[in-house]
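In: show me the folded form of this:
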Amino acid sequence: MNKRASPRTLGSDLARVDAHVVKPAEYKDLPELTDDMLSRAVVKKGGRPKSENPRQLISLRLPTDVIAKWRATGPGWQTRMADRLARAPVVRASN
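Out: Residues are numbered from 1 along each chain as shown. As a prediction, this is how the structure comes out:
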């Protein structure tokens, strides 16, 4: 469930900000961009930091009822399933 930030927590009137149109007179207040400024610019990518132990995507076919039982436990069911599998003993197939 995604929670949206309430206007009270943002501390600004977003409707007023969105409705504002920059007038030509306001441009004089902006500094001129120089090559030096642009050369010092740092582009930061959004998102989460890289994990030291990233998850690997696999394809696994499970019975529908098993998936339904895990989903019924609520949000985070995939993480709980992975934790349970990590604790399970490894059973080696015999040839």
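In: skip ahead from the helix or strand bottoming out on mean pLDDT in the chain and say which helix or strand is next.
Out: Lowest by mean pLDDT, DSSP states H and E among the helices and strands of the chain is helix 7-10, with a mean of 59. Counting by DSSP states H and E, the next helix or strand C-terminal to helix 7-10 is helix 14-19.
In: roughly how far is that next one from the heart of the chain?
Out: With Cα atoms, centre = their mean, to the nearest Å as the basis, the distance from the averaged C-alpha position of helix 14-19 to the chain average is 25 Å.
In: count of residues packed around Trp70?
Out: 15 (other Cβ atoms under 10 Å). Quick note: C-beta positions are derived from backbone N, CA and C, even for glycine.
In: how about it: what's its closest non-neighbour residue?
Out: Excluding its sequence neighbours, the residue lying closest to Trp70 (Cβ to Cβ, 6 or more residues apart in numbering) is Trp77, at 4.5 Å.
In: where's that neighbour relative to Pro54, distance?
Out: Separation of Trp77 from Pro54 (Cβ to Cβ, to the nearest Å): 20 Å.
In: neighbour count for those two, which is higher?
Out: Ranked by neighbour count (other Cβ under 10 Å), Trp77 and Pro54 place Trp77 first, with 14 against 7.
In: low-confidence regions, this protein specifically.
Out: 1-11, 95 (pLDDT under 70).
In: switch the cut-off to 90
Out: Counting by pLDDT under 90, the ranges of the chain that qualify are 1-18, 20-33, 43-51, 53-55, 90-95.
In: residues contacting the lengthiest helix in the chain, please?
Out: For the chain, the longest helix by residue count, based on DSSP state H, is helix 77-87. By Cβ atoms under 8 Å, 6 or more residues apart in numbering, the surrounding residues in contact with helix 77-87 are Arg55, Trp70, Arg71, Thr73.
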